[in-house]
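[1] here is my input, please return the structure:
(2 chains)
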Amino acid sequence: MVSKSAKQVIGQRLLSAFRDAGAVEVAPDILLDAATLLDLYGEDIRARAYVTTDPVRGEVVLRPDFTVPVVRAHMENGAEPARYCYLGEVFRKQDHGDTRPEQPRDNEYLQAGFEVFARDPAADAEVFALFHRLLTPYGLTAMMGDMDILLDAVAALPVSDARRAALLHHIWRPIRFSRLLARFSAPATLRPLSESTAPWTGLRTGSEMESRIATLNAEPDEPPLPAEWTDRLTRLFAVDAPAPQALAQLRELAREIPAIVEAVDRLALRIDQLAALGVDPAQVRFAASHGRETMEYYDGMTFTFTADQAGWPPVASGGRYDALTAQLGAGRAIPAVGGIIRPGLLAELEAAC
Amino acid sequence: MLKLGVPSKGRLMQDTFGWFGARGIALSRTGSDREYAGRVEGADLTLVLLSASEIPRELASGRIDLGVTGSDLVREKLAGWRSDVREVVQMGFGHADLVLAVPACWRDCENLDDFAAITRQFRGDHGFRLRIATKYHRLVRAFLSEHEVADYQLVDSQGATEGTVANLTAEAIADITSSGETLRANHLKILPDALIHASQATLFASQKADQAEVDRFARRYLGGIDA
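    Got it, this is the predicted structure:
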């Protein structure tokens, strides 16, 4: 059992490395207003957040994540470019399903984080290389993904706007995404919706329903998505190899899916930048679908560093979240990329040596 | 001596008494109707009468060794329920389905895929996530997460859940139903492919109980049913 103070020591060490990398330390509140966070994250995080009530503020949560409060603080009074770092606890309920594991995961743990708000396209490589340098001594597996490539591929599918929007929305949900793709690939027939004599009830309006029915009724006019597109997407989503080989595979695929050329070029540039910063690209595994398993707010590069320990969450994770800043910034958006390291897990790795 | 917890009132108590009676164990309430003590004849058991919703926690803590309650309540109230209790036998009564129900006037909602599409549309139209009223937060969330329905939120409703849609405090509900009558009366319909849990009265044993003693009891009185 590693003591909390030993974890703090490692956290402080990371924090000072982040400061040396040019970051200003921020200390967001632990009690955060619930509404924004929960609307953004949805039920999966609500299930894991400690929600409580304050007589004046209403629903509040114990900080489940630093990204949102850091983005908000930056939106309120920050100027670009900006680099922030922080160290503090996050709180997450651990609900394990039918049987509880022998070693339950922590429900409060430290995160040390580094976030860059800048229009500099080299920021992705800067963040990844910094994390890589700090974590090299621990022998972790570095994995990278890129939601940009997947989103561009899906956005370019020859389907109607309604179908495209549905696919883009569900890209993080593999079952729903494949069901939609299968449906759009088959000829659609008119659905015989039964009439209803039930009186109208609830907030959803009749015209909202009619507008969805109109979309459903237009389905038979849509040509099915040619089978080669499902095949191309399947091959794209399955790319998983050391970064240089993955890049070669993506270049091949870009001949069939021209819409991803630019995003693949950006990945190629990032890999070059990483090499220039001392990261061996062959030691980074690139998995195209990596970002589909992360938080939904990452919409560009995603990354994790994992230890070879059964049942452990990633030791570090992060990525680019431009869309999140647009959503929180009420029209104002700023490119943002960052990540967190869990000092507690590093402390356990050190203790095991 | 094993301690058995049984629901303290209503149909569930009567059916439980009947079920044990058929196996040669006469359970009864002692004293007045307000007193929650019981008598057992025909087996070496102590009987306590409890609210059905308290039985899961009493089993988990080990204050009772055996308990009769709905399988829905055990799954909802005990996170990691298999670590706390085990099913001795399903008793074949108290059937109730935890279902997802939407307004019957939603002609375009016939299955869970439709529902997922409607939650997305609703969020776009109204600027907040579609609300599902329920008291079964964990079961509903686990079900929707498994089926990758994303654009919803749960709102807590501890009673009169069917009324929340008409009162505009929710757009859909997840609740227990046996006949579906209350749902129909409130102009709601069940989504046929969204059966969240088929519950029935179940005899559970606490993991903290003497397992050999529980097995002996089951073999002797319950026709050799070994959990």
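
[2] am I right that A:D95 is in contact with B:A79?
    Yes - counting by CB atoms under 8 Å, B:A79 is a contact partner of A:D95 at 5.0 Å. Where you see a C-beta, it was placed from the backbone N, CA and C, and this is true even at glycine.

[3] out of those two, which sits in the more crowded spot?
    B:A79 (17 against 14; other CB atoms under 10 Å in any protein chain shown).

[4] how near is that one to B:R141?
    As judged by CB to CB, to the nearest Å, B:A79 and B:R141 stand 12 Å apart.

[5] mind listing the shared neighbours of A:D95 and B:A79?
    B:R138 (CB atoms under 8 Å, 6 or more residues apart in numbering or on different chains).

[6] bridging residues for A:V116?
    A:R83, A:V337 (DSSP bridges).

[7] buried ones in stretch B:132-148?
    By neighbour count on 16 or more other CB atoms under 10 Å in any protein chain shown, the buried set for stretch B:132-148 is B:132-144, B:147-148.

[8] make that stretch A:196-206, sorry
    A:196, A:201-204.

[9] stretch A:16-32 now?
    With burial defined by 16+ other CB under 10 Å, the residues of stretch A:16-32 counted as buried are A:17-18, A:21, A:23, A:26, A:28, A:32.

[10] in CSV, list those residues along with distance to chain B.
    What follows is the buried residues of stretch A:16-32, written out as CSV (distance: CB to the nearest CB, whole Å):
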residue, distance to chain B
A:A17, 36
A:F18, 33
A:A21, 35
A:A23, 33
A:V26, 29
A:P28, 24
A:L32, 17
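
[11] among those, which lie within helices?
    Judged by DSSP state H, helices contain the following of these: A:17-18.

[12] sort out for me which of the buried residues of stretch A:16-32 are in strands.
    Residues of these located in strands (DSSP state E): A:L32.

[13] quick one: the helices in chain A, in order.
    Using DSSP H, the helices of chain A run over A:4-20, A:34-41, A:43-46, A:67-77, A:123-135, A:147-155, A:161-169, A:174-185, A:206-218, A:227-237, A:243-256, A:261-276, A:322-328, A:343-352.

[14] which one of those has the lowest average pLDDT?
    Of all the helices of chain A, the segment with the smallest mean pLDDT is helix A:43-46, scoring a mean of 79.

[15] touching it from outside, list them.
    Here helix A:43-46 has contacts from A:37-38, A:64-65, B:141, B:144-145, B:150, B:152-154, using CB under 8 Å, 6+ apart.

[16] make it 10 Å
    The contact list for helix A:43-46 (CB atoms under 10 Å, 6 or more residues apart in numbering or on different chains) reads A:34, A:37-39, A:61, A:64-65, A:92-93, A:295-296, B:129, B:132, B:137, B:140-141, B:144-145, B:149-154.

[17] of those residues, select the buried ones using a ChimeraX command.
    Selection command for ChimeraX covering only the buried members of those, criterion 16+ other CB under 10 Å:
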select /A:34,37,38,61,64,65,92,295,296 /B:129,132,137,140,141,144,149,150,151,152,153,154
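
[18] among the contacts of helix A:43-46, name the ones in strands.
    Here DSSP E is the test, and those give A:61, B:132, B:152-154 as lying in strands.

[19] for those residues, work out which two are farthest apart.
    A:V61 and B:I132 (19.8 Å; CB to CB).

[20] list the contacts for A:F18?
    Here A:F18 is in contact with A:24-25, A:83-87, A:112-115, A:130, A:134, A:341 (CB under 10 Å, 6+ apart).

[21] what's the most distant pair in the buried residues of stretch A:196-206?
    Within the buried residues of stretch A:196-206, A:S196 and A:L203 form the most distant pair, 17.2 Å apart (CB to CB).

[22] residues touching residue 172, list them.
    You didn't say which chain, so I picked chain A. Neighbour list for A:W172: A:147, A:150, A:291-298, B:148, B:150 [criterion: CB under 10 Å, 6+ apart].

[23] ah, I was thinking of chain B
    Shown in contact with B:A172 (CB under 10 Å, 6+ apart): A:202, A:204, B:100-103, B:106, B:109, B:115, B:118-119, B:122, B:130-134, B:152, B:164-165, B:188, B:191, B:194.

[24] relative to its centroid, which residue of chain B is most remote?
    Ranked by distance from the centre of chain B (CA atoms, centre = their mean), the top residue is B:D125, with 34.4 Å.

[25] neighbours around the closest residue to it other than its chain neighbours, how many?
    Counting by CB to CB, 6 or more residues apart in numbering or on different chains, B:D125 lies nearest to A:E208, which is 5.6 Å off, once chain neighbours are set aside. A count of nearby residues for A:E208, using other CB under 10 Å, gives 18.

[26] give the contact list for A:E208.
    With contacts defined as CB under 10 Å, 6+ apart, the neighbours of A:E208 are B:106, B:108, B:118, B:121-122, B:124-126.

[27] per-domain residue ranges of the chain.
    If you meant another chain, say so; for now it's chain A. For chain A, the structural domains run A:1-123+A:307-318+A:329-353, A:157-192+A:208-228, going by automatic domain parsing.

[28] hm, I was asking about chain B
    Under the assignment automatic domain parsing, the domains of chain B span B:2-95+B:200-221, B:96-199.

[29] mind putting those into CSV with distance to A:T53 and mean pLDDT?
    Formatted as CSV, the domains of chain B follow (distance: least, CB to CB, whole Å; pLDDT from 0 to 100):
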stretch, distance to A:T53, mean pLDDT
domain B:2-95+B:200-221, 22, 93
domain B:96-199, 12, 95
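
[30] my guess is A:E89 contacts A:Y50, does it?
    No - the pair A:E89 / A:Y50 is not scored as a contact, 11.4 Å apart, by CB atoms under 10 Å.

[31] residues of the stretch 151-300 of chain A that sit close to chain B?
    Remark: the part of the stretch 151-300 of chain A in contact with chain B comprises A:165-166, A:169-170, A:172-177, A:179-180, A:183, A:191, A:193-216, A:296, using CB under 10 Å from any CB of the partner chain.

[32] switch to 7 Å and redo it
    Proximity of the stretch 151-300 of chain A to chain B (CB under 7 Å from any CB of the partner chain) is limited to residues A:169, A:173, A:175-176, A:179, A:193-196, A:198-204, A:208-209, A:212-213, A:216.

[33] now do the contacts for A:A352.
    Listed by CB atoms under 7 Å, 6 or more residues apart in numbering or on different chains, A:A352 has no contact partners.

[34] how near is it to chain B?
    To chain B, A:A352 is 27 Å away according to CB to the nearest CB, to the nearest Å.

[35] still on that earlier bit, now, which of the buried residues of stretch B:132-148 sits nearest chain A?
    Closest to chain A out of the buried residues of stretch B:132-148 is B:E148 (3.8 Å), distances taken as CB to the nearest CB.

[36] quick check: B:D113 is in a helix.
    Yes - using DSSP: H, G, I helix; E, B strand; the rest coil, the assignment for B:D113 is a helix.

[37] excluding its backbone neighbours, what's nearest it?
    Nearest residue to B:D113, sequence neighbours excluded (CB to CB, 6+ apart): A:R179, at 6.8 Å.

[38] swap in A:F91?
    Using CB to CB, 6+ apart and skipping residues adjacent in sequence, the residue nearest A:F91 is A:L62, 4.0 Å away.

[39] so how far is A:L31 from that neighbour?
    A:L62 is 7 Å from A:L31, where distance means CB to CB.

[40] one more: B:L4?
    Between B:L4 and A:L31 the distance is 44 Å, computed by CB to CB.

[41] please apply the same query to B:V74.
    Using CB to CB, we find B:V74 at a distance of 33 Å from A:L31.
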